[in-house]
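Asker: Need a 3D model of the following:
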Amino acid sequence: MRPTNRKTVASLLPAVAVAASVMAAGVAGNAIGTYVNGAPQVGHIIAFEPSRAADADAGGRLVVHRRDKSDCVLDLGTLHRFGGSLVVESKVAGDTAGFRVHWAGQHTSDGAGDCGADAILIAGRQDLDLLAASAGGYQTAQNHATLFDAGVLKAAAP
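Answerer: Reported below is the predicted structural model:
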């Protein structure tokens with residue numbers, strides 16, 4: 001009886017290998033699709049709700065570029081403390097491949113690295129993904145308006 005079982009197992013081995021390969025390709029394709037479809041798109045908003053309880057050391061510091069190629073800093077703790085938003089305006093091609101975003105808020109960091117209250121910035125995809133993850137994800141203008149209507153977000157005081 002044993003020889004028959006070994007023959008059966010040996011004959012099924014190629015089928016199992018093919019099935020495992022197909023499953024691995026499917027998982028890899030799904031991961032790639034999720035990454036590509038999760039990319040920032042023109043019109044996406046990253047909104048930071050101001051919170052006095054935000055820990056100043058709650059996150060990292062990202063260096064981004066202004067339109068004039070000078071650097072400034074987006075400090076996640078400061079963004080959470082004061083609030084503000086980034087709106088993806090366009091993709092940027094070339095050596096600095098990334099996205100042109102419009103920052104509006106009070107401060108982006110303490111000190112000389114502050115981008116100011118209103119700035120056009122160039123940020124890479126990984127930086128935007130990190131910012132979005134810290135803020136709760138990318139939003140669209142329609143979703144953002146719904147959050148204002150529901151009272152979740154409030155307009156910044158002048």
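Asker: how far away is the most centrally placed residue in the chain from residue 135?
Answerer: The centroid of the chain falls nearest to residue 129 when counting by CA atoms, centre = their mean (1.7 Å). Using CB to CB, to the nearest Å, one obtains 11 Å as the distance from residue 129 to residue 135. Every residue, glycine included, has its C-beta placed from N, CA and C.
Asker: Show me the shaky parts of the chain.
Answerer: Judged by pLDDT under 70, the chain has its weakly predicted residues at 1-4, 28-38, 52-59, 95-96, 141-158.
Asker: Swap in 50 and give it another go.
Answerer: With pLDDT under 50 as the threshold, the chain has low-confidence stretches at 1, 36, 56, 144, 146-148, 150-158.
Asker: Tell me how it divides into domains.
Answerer: For the chain, the structural domains run 1-37, 45-149, going by automatic domain parsing.
Asker: if we can go back for a sec, report the secondary structure state of the residue nearest to the centre of the chain.
Answerer: Three-state secondary structure (criterion: DSSP: H, G, I helix; E, B strand; the rest coil) places residue 129 in helix.
Asker: Where do the helices of this structure begin and end?
Answerer: In chain order, the chain shows helices spanning 2-37, 76-82, 125-135, 141-149, with DSSP state H as the criterion.
Asker: so who does the closest residue in space to residue 108 that isn't next to it in sequence touch?
Answerer: Counting by CB to CB, 6 or more residues apart in numbering, residue 115 is the residue found nearest to residue 108 once chain neighbours are left out, at 4.2 Å. Applying CB atoms under 8 Å, 6 or more residues apart in numbering to residue 115 gives the contacts 64, 66, 72-74, 103, 108-109, 121.
Asker: Tell me how far residue 115 lies from residue 66.
Answerer: Per CB to CB, residue 115 is found 7 Å from residue 66.
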